[in-house]
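Student: 3D, please:
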Amino acid sequence: MPKINGNEIRPGYVLEHDGGLWGAVKVDHVKPGKGGAFAQVEMKNLRDGRKLNERFRSADKVERVRLEQKDMQFLFESDGQLTFMDVETYDQVTLDAELLGDRRPFLQDGMTIVVEFHDEEALNATVPQKVTCVIVETEPVVKGQTAANSFKPAILDNGVRVMVPPFVGQDEAIIVNTETMEYSERA
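Tutor: Residues are numbered from 1 along each chain as shown. Just a heads-up that it's a prediction; the model follows:
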């Protein structure tokens, strides 16, 4: 594994620290008036979800871990566990549903997502950035309501509430950005 300096840590990096695998969630570079600069890193344990705040000086060496990414197909959910299948080998992997957080409703049957592995152990899963959803409920279109940046609330087929432009109506398919949880475009 490559070792990097403490000041080279970026959000999204996976580090081996204190005998565990940690994902860097937030990184602040601090340069105090007295003493050397350091990186204040908020990390999350990829196995059990614990959080940790740690300081790394530029002279500190940290082990950066590269995760292998595989495209897998979502099969089903049972008892808070999500089951995915490798489309090439048909191997099945289960992950905790809480891993996806508030993006969980965007997971659809048969959807291909990216699962990250470290030494054959599945650690993380990411939903595609753009997902097509159908609007189940929204206010009707009001003629003459063309003010710039006016949005109206809408409820999607997966139960998520988003703000949509006034010209989008009920039963229309839209594309939602899963990172920002916002309307992106019409499908």
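
Student: list the helices and strands the host helix or strand of V162 packs on?
Tutor: Taking DSSP states H and E as the criterion, V162 maps to strand 161-164. If you count contacts as 3 or more Cβ pairs under 8 Å, 6 or more residues apart in numbering; DSSP states H and E, strand 161-164 packs onto strand 152-156, strand 182-186. Heads up, the C-betas are built off the backbone N, CA and C, glycines and all.

Student: rerun that using 6 Å as the cut-off
Tutor: strand 152-156 (3 or more Cβ pairs under 6 Å, 6 or more residues apart in numbering; DSSP states H and E).

Student: angle of the strand it packs on against strand 182-186?
Tutor: Interaxial angle of strand 152-156 relative to strand 182-186 (axes from the mean of the first three to the mean of the last three Cα atoms, to 10 degrees): 80 degrees.

Student: quick one on the thing from earlier: the strand holding V162 pairs with which strands?
Tutor: strand 152-156 (antiparallel) (DSSP bridges).

Student: Just the buried residues of the partner strand, please?
Tutor: 152, 154, 156 (16 or more other Cβ atoms under 10 Å).

Student: any low-confidence regions in the chain?
Tutor: Residue ranges of the chain with pLDDT under 70: 1, 142, 144-148.

Student: how does it divide into domains?
Tutor: According to automatic domain parsing, the chain comprises the domains 3-65, 68-126, 130-186.

Student: how distant is the shortest one from the center of its chain?
Tutor: For domain 130-186, the distance between its averaged C-alpha position and the chain's averaged C-alpha position is 21 Å (Cα atoms, centre = their mean, to the nearest Å).

Student: So for that domain, first residue to last residue, what's the gap.
Tutor: Using Cα to Cα, to the nearest Å, one end of domain 130-186 lies 12 Å from the other.

Student: Equivalent analysis for the first one, please.
Tutor: Across domain 3-65, the terminal residues are separated by 9 Å (Cα to Cα).

Student: surely L156 meets C133?
Tutor: Yes. In this structure L156 lies within contact range of C133 using Cβ atoms under 6 Å: 4.3 Å.

Student: so who does the residue nearest in space to the middle of the chain touch?
Tutor: Nearest to the mean C-alpha position of the chain, by Cα atoms, centre = their mean, lies T126 at 5.3 Å. Residues in contact with T126 (Cβ atoms under 6 Å, 6 or more residues apart in numbering) are V114.

Student: Distance-wise, check it relative to E116.
Tutor: Separation of T126 from E116 (Cβ to Cβ, to the nearest Å) stands at 8 Å.

Student: E98 now?
Tutor: 16 Å.

Student: ok, what's across the strand from D86?
Tutor: Those that pair with D86 in a beta bridge, by DSSP bridges, are M72.

Student: re earlier: what helices and strands are in contact with the helix or strand just after the strand holding V162?
Tutor: Remark: after strand 161-164, the chain's next helix or strand is strand 173-177, criterion DSSP H and E. Helices and strands touching strand 173-177, by 3+ Cβ pairs under 6 Å, 6+ apart, are strand 130-138, strand 182-186.
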